[in-house]
Every structure is written in structure tokens, then in C-alpha cells.
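Asker: Fold the following and give me the result.
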Amino acid sequence: MTTRATVTHISACRRAELKSRFARMGTEEVSRRRDELALDDGYLQILDDWARACREVGQRRRIMVVLLWAEGWPTTYVADALRYHTTTVQRILARYREDGPQGLLDRRSGNGRPKVSEKYLKVLRTVVGKSPLDFGERRPTWTQELLVKVMTRKTRVHVAVSTMSRALARIRARLGRPKPFVGCPWPAPKRRRRMAEIRRMIEQLPDDEIAFWSDEVDVHLNPKIGDDWMLTGQQKLVETPGKNRKRYIAGAIHTGTKEMVWVTGKRKASALFIELLWKLASQFRKHRVIHLVVDNYIIHKSKITQKAIAELGGKVQLHFLPPYCPDENPIERVWRDFHAEVTRNHRYKTINGLMNRAEKYLGERNARLSAKPSIAQRGRAA
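Answerer: Below you'll find the predicted structure:
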């Protein structure tokens with residue numbers, strides 16, 4: 001009779017086929033096999049219990065090879081049921097004939113300590129966090145083969161590429177896209193002092209003053225290409241209009257509610273930023289001072305911009321971030337979401353259609369944040 005530990009691994013249709021096959025097989029062949037392996041009903045039950053209790057998958061499958069073969073299953077059927085090659089089934093049976101139950105154990109236990117130790121993984125984390133160029137290699141990006149080469153040189157432990165793949169999974173390494181950046185020329189203490197001054201200004205604002213984080217974003221008719229799910233062997237196509245057209249958005253998010261005030265334009269010039277200043281001054285005219293935290297882009301410092309600020313009579317004050325520190329400006333995270341929701345892999349044929357979608361997204365974003373009193377309502381209340 002087929003053992004309980006194995007019957008669940010065979011489909012219903014295959015069990016019906018095997019039952020018909022075994023019905024034609026006499027008990028003489030089954031008895032011969034059991035005698036060959038020195039198995040009686042009691043010992044078969046012991047092997048069955050061992051297979052049911054065993055947690056090591058490979059060992060459990062080797063036990064099942066013996067059980068199925070002792071029940072009269074043909075070698076090819078055993079191999080098919082357990083996803084083995086027939087030669088592997090024959091090798092397992094030969095080991096059992098020679099060594100008994102000991103032959104079913106994993107013989108790799110005598111291989112010594114694993115090569116991929118915690119110390120090896122610690123070094124691997126350090127290596128993956130750097131570039132191959134840091135280790136004298138010419139290729140600027142990592143491959144598993146290159147990691148094997150560098151790790152062999154650093155640890156004197158050579159592993160297979162498949163082992164390296166498992167090691168990378170253990171340290172939760174991923175294949176990602178690096179982020180380009182320009183280093184800030186300021187010393188770290190000076191950069192920290194400037195950011196502390198800006199945060200202190202925001203925290204200590206009087207009731208009749210208001211602060212915003214401000215920046216501009218480019219909107220291209222040619223889609224920005226972003227990651228997307230797709231099937232194996234398939235690469236999605238993103239159609240481009242050919243001739244690119246651009247528009248620009250100048251935005252400012254409130255330091256508290258994160259709602260945005262924005263303007264759009266055809267050129268990323270001082271006029272675009274000045275339009276934003278006038279819109280803020282008009283929308284929040286009840287506030288005595290509007291503070292804007294901006295980067296060091298030329299349109300924020302141009303003579304025409306300075307003249308416009310002077311005409312506003314001190315109502316607008318600019319606070320400049322350290323140079324080349326975009327991550328210090330929270331509006332950058334809003335622009336990342338904006339690109340993900342609007343510009344990446346888009347299908348718009350015209351720049352006007354794309355800009356309509358862009359402004360609709362920003363309006364919907366403000367609406368989601370409007371559960372709290374809006375900055376416009378605060379301005380009117382003041």
C-alpha cells in the first residue's frame with residue numbers, strides 16, 4: 001500500500017493511472033524488492049514516520065524514493081513523482097542498499113564550515129556598498145562574477161557564482177539605479193549651521209508671517225522613463241512624440257500643511273519665479289512677511305528678481321539653501337511623486353494635454369491635504 005507521506009505528492013489522475021498499473025503487478029515483485037532492501041511492514045512504517053517528521057526537504061525526498069520503490073513503483077515513475085532524474089533515483093537506492101538508513105543522510109555534513117560565514121557577509125556588505133573602481137577594477141558596475149573575484153582577493157575565500165547569488169540575497173542586496181548628485185562645496189559644519197538657521201526661522205515664525213519651501217520642475221513632452229512591472233521576455237514600449245517640448249512649473253509648499261501654490265510658464269526664467277512671488281503676495285496679503293526657502297539657481301538671485309522683491313516692500317524674504325543640497329528641500333519629494341504620477345511613461349501627444357494633467361494632479365493633491373484648514377483660509381482669517 002502506498003504510504004501516507006507520499007500520496008499527497010501525486011496528482012489524482014496519476015494515482016488512478018498508478019493504481020491500474022499496480023493492479024497488474026503481482027505481489028511477487030513487491031516482495032522481491034522489500035527483501036532486497038531488507039524491509040518489512042514495521043520498518044516501512046518507521047521510514048514513513050521519519051519522512052513525515054523530517055524537515056530537511058532533500059532528505060525527505062530520498063526517504064520517499066525508498067518507500068515508493070519498495071511499494072513497487074517503477075524507477076521512472078518515482079523519478080517523475082519526485083522531480084528527480086532516473087539516475088539520481090538509482091543512486092539513492094544504491095546508497096540505501098550499501099549503507100541502509102545512513103545512506104539517506106546528507107553527506108555534506110562532513111564538508112567543514114560553510115564558506116559564506118557572517119564575517120564573509122560583513123565584508124560583502126562593505127564591498128557592495130562601494131564601486132568596483134574603488135578596488136582597482138575597470139568596470140564601473142558590479143556583476144556577480146566580479147564580486148566573486150574581488151571577494152576572493154579580500155577574503156581568500158572563493159565561492160561559486162550561484163553561492164554569491166544566495167549571499168547577496170542574505171544581505172538583502174538589490175539591483176537598483178544609482179542617484180546622481182553634485183557635492184556641496186561647503187564644509188559640513190557650515191552646511192549644518194545654515195540648515196539649523198532655516199529650521200529655527202520656520203519654528204519661530206510669528207502669527208503674521210508664513211513660510212514656504214520653493215523650487216521649479218521641468219515638464220517634458222518626451223516621457224521620463226521609469227521602472228514598471230512586465231512579463232519575463234517582454235519589454236514594454238513607451239512611444240515618444242519625437243520633437244520634445246517643455247513647460248515649467250514654479251511651486252511653493254507651505255512648511256506646515258504642505259499644500260502647494262504654483263504657476264506655469266514656457267521658460268524657466270526670472271519672470272516665472274516673479275509670477276510665483278506676486279501670486280503668493282496676492283493670496284496671502286494679510287500676512288506681513290512671506291518667507292521663501294529656495295536653492296541657488298540664478299533666477300532666484302537675478303537683478304530683475306531682486307527688483308521685484310524690492311517692489312513688494314519687504315513682504316517677501318528669500319532664504320537660500322546650501323549649494324547643491326536638493327535633498328534638504330522637502331518640495332523635491334513632491335516633485336518625485338509628481339513625476340511618478342504624471343510624467344513617467346505617459347502617453348500624451350501634446351504638451352497642453354500633459355500640462356492639464358499636471359495641474360489636475362497638483363489640485364487633487366491640495367484637495368487631499370485640505371482636511372486641515374487650507375493656507376488660503378488661514379490667510380483670509382488673519
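Asker: residues contacting H158?
Answerer: By Cβ atoms under 8 Å, 6 or more residues apart in numbering, the residues touching H158 are 115, 148, 152. Yep, even glycine has a C-beta here, placed from its N, CA and C like the rest.
Asker: would you say it is within a helix?
Answerer: No. Using DSSP: H, G, I helix; E, B strand; the rest coil, the assignment for H158 is coil, not a helix.
Asker: measure it to A252 for me?
Answerer: Per Cβ to Cβ, to the nearest Å, H158 is found 57 Å from A252.
Asker: so how far is V123 from M260?
Answerer: 46 Å.
Asker: Let me fix that, I meant to ask about L67.
Answerer: 44 Å.
Asker: higher neighbour count, the two?
Answerer: L67 (20 against 15; other Cβ atoms under 10 Å).
Asker: so which strand or helix has the more buried one?
Answerer: helix 57-70 (DSSP states H and E).
Asker: What mean pLDDT does the helix or strand following that helix get?
Answerer: Next in sequence after helix 57-70, counting helices and strands by DSSP H and E, comes helix 75-82. For helix 75-82, mean pLDDT is 87.
Asker: go on, stretch 53-61?
Answerer: Regarding stretch 53-61, the rounded mean pLDDT is 85.
Asker: list the buried ones in that stretch?
Answerer: 54, 60-61 (16 or more other Cβ atoms under 10 Å).
Asker: mind showing which ranges of the chain have poor pLDDT?
Answerer: Applying pLDDT under 70 to the chain picks out residues 1-27, 108-111, 371-382.
Asker: Now with 50, please.
Answerer: 1-9, 24, 374-376, 379-382 (pLDDT under 50).
Asker: Report how many residues lie close to S270.
Answerer: Around S270 there are 19 residues (other Cβ under 10 Å).
Asker: got it, and V78?
Answerer: Residues near V78, counting by other Cβ under 10 Å: 24.
Asker: and if you look at the one 10 residues further on?
Answerer: The number of residues packed around T88, counting by other Cβ under 10 Å, is 16.
Asker: And what about it, helix, strand or coil?
Answerer: helix.
Asker: if I look at it, how far off is R61?
Answerer: 10 Å.
Asker: about what we covered before: which of the buried residues of stretch 53-61 sits closest to V78?
Answerer: Distances from V78 to the buried residues of stretch 53-61, taken as Cβ to Cβ, are shortest for R61 (10.1 Å).
Asker: so what's the closest one up against?
Answerer: R61 neighbours (Cβ under 8 Å, 6+ apart): 82, 84.
Asker: go on, T76?
Answerer: Here T76 is in contact with T86 (Cβ under 8 Å, 6+ apart).
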